[in-house]
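Peer 1: fold the following, please.
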Amino acid sequence: MRNRIGKVLAGIMLILAILGIAGCTGGGTETGNPAIVSMDTFSSGPELEAYLKDQYASNFLSKKFNPALIGGADADPPSANEDDAGERFSETNIQEQGVDESDKVKTDGAYLYVSGERRVTVVDVSLPDAMKVVSAIDVQGSVDSLYLYNHILVVLYAPDSDSDPVSSYWKPVNGVLFADVTDPSAPERIEEVRFDGMLLSSRLTGGRLHLVQQFFPELPSLQVCHEFSEEDCSGVVAANSEKLGSLTLDDLLPSYQIVDEAGGTIKAGQVVPPENFCRPDEPEGGGNITIMTFDMDDLSQPFQSVGMITEAHEVYASTRSLYLTAGRYEKYAQLDGLNGGGWTQETVIHKFDLTGEDVRHVATGRVPGWILNQFSLGEHEDVLRIATDSGNNIWDGLAFELTAVDMERQGNHVFCLRDQGGALEVVGSVENIAPGEKIYAARFVGTRGYLVTFVQVDPLFTLDLSDPTDPRIVGELKVPGYSDYIHPFGENHILTIGKDTQLEDGIPWYQGVQLSVFDIRDFAAPELLHKELIGARGTGSEALHEHKAFTFWKENDLLAIPIDLYQHNIEPDHPWNLGKHTFSGLYVYRATPADGFEFMGRIAADSSWNGYYSARWTRGLFINAHVYAVTSDAVHVAEVGAIASTVHTLSLGD
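Peer 2: Now for the predicted structure:
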């Protein structure tokens with residue numbers, strides 16, 4: 001089941017988390033951006049405390065339903081280290097050039113830095129046949145991911161509840177550890193900061209690390225009013241207010257602690273001071289988003305921070321801007337003969353400016369529908385492009401049948417938005433693309449856009465976005481299967497990964513993993529040039545849902561993806577028959593537009609589940625003439641030209 005449903009179910013567990021959505025500046029428009037007017041920050045702590053308590057006491061009274069699709073401590077190289085462009089090794093697969101993203105493993109070409117359960121292991125790979133562990137950085141919690149910026153290693157982690165008594169299921173704590181790895185054999189701890197909240201995402205660009213957190217405070221058990229009238233629910237609000245009366249501002253806002261190596265507190269305080277929180281004009285809740293910014297070139301400086309009384313589910317960033325999005329429902333009255341009406345979907349977008357000394361919220365907008373993931377957004381020349389789909393897709397994959405009216409409402413859209421006086425205004429759009437289908441992949445590259453929708457076959461749409469006031473679909477190609485991820489492949493081609501499908505009685509059954517190369521030289525007539533099928537039904541890849549597991553080293557035309565392979569001993573009777581698991585590890589290809597996919601070999605690399613926060617993962621990377629398959633447990637290396645006969649393994653276990 002697709003990842004959106006997991007988010008929805010997480011939201012249902014939070015019942016009806018009704019949160020405010022508005023910006024610190026700007027106005028609104030009528031088309032595509034229902035009026036969002038300007039608002040102020042809070043002038044004092046007592047004012048913010050009173051506001052939050054009022055919201056928590058009455059936040060079930062709103063007519064807007066937010067399913068709380070909480071994302072969490074869930075593209076082309078190079079990374080944020082721009083000097084590394086054209087180096088002799090591959091890097092983390094990122095969405096935007098110059099905007100690095102954290103990952104499970106990082107390298108400088110001579111050393112690997114590998115995320116483990118409660119440590120980061122440093123591996124010397126200068127001699128591939130004689131790899132060795134040279135050091136390890138112990139972490140007081142489960143390592144989530146890493147950054148490597150010049151000589152500084154950044155470790156994002158979730159502290160153990162034993163080491164941090166304030167951490168709990170309802171009040172998670174996250175941490176960031178900075179270490180100097182100038183001498184990789186002797187890392188030196190620089191600083192360690194812990195902060196309340198769920199780490200939604202992070203980016204490193206322009207020498208600054210931005211951490212985005214979602215925070216919900218621990219509250220007493222509050223009553224829920226099922227009416228929409230404040231008058232009808234006045235008793236409930238009064239009772240809730242009494243329960244909240246003893247809470248202080250420190251209980252309602254996230255805090256941080258700078259800790260020493262033993263976990264002792266050196267300094268503590270609020271992540272964001274009250275005057276740096278944006279106040280919604282139409283308050284609808286008390287949850288908040290915070291953005292902490294660290295100067296990677298001078299970590300002696302204290303971090304900067306900004307907050308919003310709002311909610312976010314996805315994060316996208318360019319080198320100039322950071323965008324937060326939140327999907328929610330709004331109820332509509334009885335329509336088209338439907339009893340009781342229904343819900344329409346919308347995505348709220350907040351834009352932050354990254355170009356100044358401080359991160360500033362500058363604009364807010366709304367568009368119909370929900371996004372799929374961060375690749376549903378892309379900024380070009382200060383115009384944000386966003387792809388959404390709308391309909392009853394909250395129930396996607398569940399045992400509900402869509403009516404004809406539902407199918408008509410299931411449409412896909414691309415909007416172009418520009419910041420105009422504090423409002424993200426829709427300046428152009430293409431709407432109702434492929435009604436009845438859903439977006440499975442999107443990508444925006446320069447003045448071009450790509451969209452994949454699916455029901456029975458995979459339509460690939462090409463979009464001309466050179467004029468944001470007049471975006472246009474210029475091409476369409478229907479092929480079997482679907483793509484989950486789209487990767488730029490030079491000027492005239494794209495490379496995708498997804499699933500093959502087979503139809504039986506009009507029902508599409510997904511099969512193995514499918515790699516494809518599309519020719520887009522004639523942008524109005526895209527063409528499928530090459531296709532590589534891997535395995536039978538049941539075969540999967542982490543790269544289908546995690547773009548960082550997709551490693552394409554453009555300089556040498558090399559591709560590495562993790563594969564869990566399922567195969568049939570005999571031809572199956574039906575397309576729904578699952579194969580038998582036969583292999584887990586890394587598949588390596590040479591990929592070119594001219595010749596398609598040349599299989600270079602595979603490396604077995606089973607990894608194990610290693611804790612609540614760190615799930616099973618595999619990464620492939622290339623250094624010189626070698627390919628590495630890395631898990632939390634081991635590093636495997638082989639010569640690209642002779643993989644089967646040259647595999648060496650280094651265990652990272654205790």
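
Peer 1: now do the longest helix along the chain, average pLDDT.
Peer 2: Ordering each helix of the chain by length in residues (DSSP state H) puts helix 45-58 first. For helix 45-58, mean pLDDT is 81.

Peer 1: ditto for stretch 489-508
Peer 2: Rounded mean pLDDT across stretch 489-508 is 91.

Peer 1: neighbours of residue 622, just the number please.
Peer 2: Residue 622 has 23 neighbours, counted by other CB atoms under 10 Å. Every C-beta, even on glycine, is put in place using the N, C-alpha and C of the backbone.

Peer 1: that's a strand at it, yeah?
Peer 2: Yes - under DSSP: H, G, I helix; E, B strand; the rest coil, residue 622 sits within a strand.

Peer 1: any idea how far it is from residue 438?
Peer 2: According to CB to CB, to the nearest Å, residue 622 stands 34 Å off from residue 438.

Peer 1: and residue 414, by the same measure?
Peer 2: Residue 414 is 14 Å from residue 438, by CB to CB.

Peer 1: now swap in residue 91 and tell me
Peer 2: 32 Å.

Peer 1: who's more crowded, the two?
Peer 2: A direct count of neighbours by other CB under 10 Å for residue 91 and residue 438 places residue 91 higher, at 25 against 20.

Peer 1: next, the more buried one: secondary structure please.
Peer 2: Going by three-state DSSP: residue 91 is coil.

Peer 1: quick one, grab the pLDDT at it.
Peer 2: 96.

Peer 1: likewise residue 338?
Peer 2: pLDDT at residue 338 comes out at 46.

Peer 1: same question for residue 334.
Peer 2: We have a pLDDT of 45 for residue 334.

Peer 1: go on, residue 446?
Peer 2: pLDDT, residue 446: 96.

Peer 1: now it. Nearest residue, chain neighbours left out?
Peer 2: Computed as CB to CB, 6 or more residues apart in numbering, the closest residue to residue 446 that is not its neighbour in sequence is residue 380, at 6.1 Å.

Peer 1: how close does residue 603 get to residue 541?
Peer 2: Taken as CB to CB, the span from residue 603 to residue 541 is 14 Å.

Peer 1: when the two are compared, which one has more neighbours?
Peer 2: Using other CB under 10 Å, the more surrounded residue of residue 603 and residue 541 is residue 541, with 26 against 23.

Peer 1: who's in contact with the more buried one?
Peer 2: 497, 513, 534, 549, 561-564 (CB atoms under 8 Å, 6 or more residues apart in numbering).

Peer 1: quick check: the residue lying closest to residue 492 once chain neighbours are set aside vs residue 590, distance?
Peer 2: In space, and not counting its chain neighbours, residue 492 is closest to residue 521: 4.5 Å by CB to CB, 6+ apart. The gap separating residue 521 from residue 590 is 21 Å, by CB to CB.

Peer 1: more neighbours, these two?
Peer 2: Set side by side, residue 521 and residue 590 show more neighbours around residue 590, with 16 against 11, by other CB under 10 Å.

Peer 1: is that one in a bridge, and if so with what?
Peer 2: residue 558, residue 598 (DSSP bridges).

Peer 1: now do residue 442
Peer 2: Residue 442 has these beta-bridge partners by DSSP bridges: residue 451.

Peer 1: that one contacts residue 460, doesn't it?
Peer 2: No - counting by CB atoms under 8 Å, residue 460 is not a contact partner of residue 442; they are 11.0 Å apart.

Peer 1: show me which of the two is the more surrounded one.
Peer 2: More crowded of residue 442 and residue 460, by other CB under 10 Å: residue 442, with 29 against 25.

Peer 1: residue contacts, that one?
Peer 2: Counted by CB under 8 Å, 6+ apart, residue 442 has contacts 372, 375-376, 387, 449-452, 486.

Peer 1: right, and the pair among these with maximum separation?
Peer 2: Pairwise distances among the contacts of residue 442 were taken by CB to CB; the largest, 13.6 Å, belongs to 372 and 449.

Peer 1: pull up the overlap in contacts between these two.
Peer 2: 387, 442.

Peer 1: what touches both of residue 442 and residue 460?
Peer 2: Common neighbours of residue 442 and residue 460 (CB under 8 Å, 6+ apart) are 450-452.

Peer 1: weed out the non-buried ones from these.
Peer 2: The neighbour count (16 or more other CB atoms under 10 Å) marks 450-452 as buried among the shared contacts of residue 442 and residue 460.

Peer 1: out of those, which one sits closest to residue 616?
Peer 2: Ranked by distance to residue 616 (CB to CB), these are led by residue 452 at 26.4 Å.

Peer 1: how much space between that closest one and residue 461?
Peer 2: Using CB to CB, which is the criterion applied here, residue 452 is 8 Å from residue 461.

Peer 1: show me where the stretch 101-250 of the chain has strands.
Peer 2: Taking DSSP state E, counting those that start in this stretch, the strands of the stretch 101-250 of the chain run over residues 105-107, 111-115, 119-124, 132-138, 141-149, 152-159, 173-180, 188-196, 198-205, 208-215.

Peer 1: and of the ones you listed, who's closest to residue 482?
Peer 2: Comparing the strands of the stretch 101-250 of the chain under CB to CB, the one sitting nearest is strand 198-205, at 25.3 Å.

Peer 1: can you list the neighbours in contact with the closest one?
Peer 2: So strand 198-205 is in contact with 70-73, 79-80, 98-102, 144, 147, 149, 154, 156, 158, 172, 174, 209-215, 289, 296, 312-315, 317, 319, 322, 354, 374, going by CB under 8 Å, 6+ apart.

Peer 1: buried ones among these?
Peer 2: Buried, going by 16+ other CB under 10 Å: 70-73, 79-80, 98-102, 144, 147, 149, 154, 156, 158, 172, 174, 209-215, 289, 296, 312-315, 317, 322, 354, 374, out of the contacts of strand 198-205.

Peer 1: hang on, residue 434 packs against residue 452?
Peer 2: No - Residue 434 lies out of contact with residue 452 (CB under 8 Å); the separation is 9.8 Å.

Peer 1: mutual contacts of these two, please.
Peer 2: Listed as contacting both residue 434 and residue 452 by CB under 8 Å, 6+ apart are 459, 461.

Peer 1: for the closest residue in space to residue 526 that isn't next to it in sequence, which residues are in contact?
Peer 2: Of all residues not flanking residue 526 in the chain, residue 477 sits nearest, at 4.6 Å (CB to CB, 6+ apart). By CB under 8 Å, 6+ apart, the contact set of residue 477 is 459-460, 518, 525-528.
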